[in-house]
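A.B. asks: Need coordinates for the following:
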Amino acid sequence: MKGICLRYAQTDFEADDIFQDAFVSVFKNIHTFRDGVFSGWIRRIFVNAAINNYRKNVKHYNHQNSHDLEVSDDGQTNGLDELTAQELVTLINELPEGYKLVFNLNVVEGYNHAEIGEMLGIAEATSRSQLARAKNMLKKKLEKINSCKYAS
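C.D. replies: Here you go, the predicted model:
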């Protein structure tokens, strides 16, 4: 569950806050769990705690102007297979907050854009564009890493 918190947080301290809030929520609401997969129920609480933290702190995050970003797809392979899990998490955490949030909800958690839009109070199209921009930014970061690895 700590991994979920780290994916959505800007700092380790923020992840710890999300983790604590989520566990408090789990213990307060344990009596409401009826049927289904317990781990899925807890996971959903942790994701919701992360989203609530984002909403509460969004005014404190620095946002990148989306007009400064360019979306392209040249069909080349990326260096994803050469990255460690920690390196990948670090690259994702470097994304602007909105992009990181949508990326995690869609790619990692598996929510569709309609669900993300409802959770975050944004349009479905905004979710789609933020995901596309997040992927483009990650692609550029991977290309930069690859060019540095093979330049020496």
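A.B. asks: use CA for all of it now, contacts and neighbours both
C.D. replies: Noted.
A.B. asks: what are the C-alpha coordinates of the helix or strand of the chain with the lowest mean pLDDT, in CSV please?
C.D. replies: When the helices and strands of the chain are compared on mean pLDDT, DSSP states H and E, helix 85-93 comes out lowest with a mean of 80. What follows is helix 85-93, C-alpha atoms only, in CSV (Å, rounded to 0.1, in the frame of the first residue of the first chain):
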residue,chain,number,x,y,z
ALA,A,85,11.4,-0.3,-11.1
GLN,A,86,12.8,2.5,-8.9
GLU,A,87,14.1,4.4,-11.9
LEU,A,88,10.6,4.2,-13.6
VAL,A,89,8.9,5.3,-10.4
THR,A,90,11.3,8.3,-10.2
LEU,A,91,10.5,9.2,-13.8
ILE,A,92,6.8,9.1,-13.2
ASN,A,93,7.2,11.2,-10.0
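A.B. asks: Please name every helix or strand in contact with whichever helix or strand comes after that helix.
C.D. replies: Sequence-wise, the next helix or strand downstream of helix 85-93 (DSSP states H and E) is helix 97-103. The elements that helix 97-103 packs onto, with contact taken as 3 or more Cα pairs under 8 Å, 6 or more residues apart in numbering; DSSP states H and E, are helix 124-151.
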